[in-house]
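Could you work out the structure for the sequence below:
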Amino acid sequence: MAKAFLYVARVFLGVVFLAAGVNGYFVIIDLEPFIATSPEAMALFEFKYLLIFEKSLEIICGLLLLLNQFVPLAISILTPIIVNIFLLHLFLDHSLLLLAALLLIMHGYMLFYYRENFMRILEKKPSS
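Numbering: from 1, shown residues only. Next comes the predicted model:
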């Protein structure tokens, strides 16, 4: 059961971030996005290089999750992005709060599942 939920969480996060990243590039090159974007979120990206950087990370991490490669790296890169998505929808734009909460839950489960991969970075005095 745990493996099945891990698979669902990995594929769900992979699809969401791959689609969001590609959708963001539609916004960057001034095409009509295929998924509606939050005006509040777009207002935060006054400088396009920030949007390009974040959307590139979303595409890369989405692909890594879908290909099941470097999964701990992908979820660690996505951690601040998911926290910001959740906080944005919690405080500014409630329209996608359910999706943001679902992202947070799925991501939290993946962090829990891969917790052994992150334990070494929490050591007070790492071994050399």
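
got the buried residues for the helix or strand bottoming out on mean pLDDT in the chain?
Least confident helix or strand of the chain, by mean pLDDT, DSSP states H and E, is helix 39-44 with a mean of 71. Residues of helix 39-44 classed as buried by neighbour count (16 or more other CB atoms under 10 Å): A41. All C-beta spots, glycine's among them, are computed from the backbone N, C-alpha and C.

And the contacts of that helix?
27, 88, 92-93 (CB atoms under 8 Å, 6 or more residues apart in numbering).

Show the average pLDDT along the helix or strand just after that helix.
Using DSSP states H and E, the helix or strand that directly follows helix 39-44 along the chain is helix 48-67. Average pLDDT, helix 48-67: 94.

if you go through the protein in chain order, where are the helices?
2-28, 39-44, 48-67, 71-91, 97-113, 115-118 (DSSP state H).

Go through those and find the least confident stretch.
Taking the mean pLDDT of those, helix 39-44 comes last: a mean of 71.

who touches the most centrally placed residue in the chain in this structure?
By CA atoms, centre = their mean, the mean C-alpha position of the chain lies nearest to L78, the distance being 4.2 Å. Contact analysis of L78 by CB under 8 Å, 6+ apart lists 13, 17, 57-58, 61, 107.

now do E32
E32 touches F26, counting by CB under 8 Å, 6+ apart.

next one: phi and psi at it?
phi -70, psi 120 (degrees, to the nearest 10).
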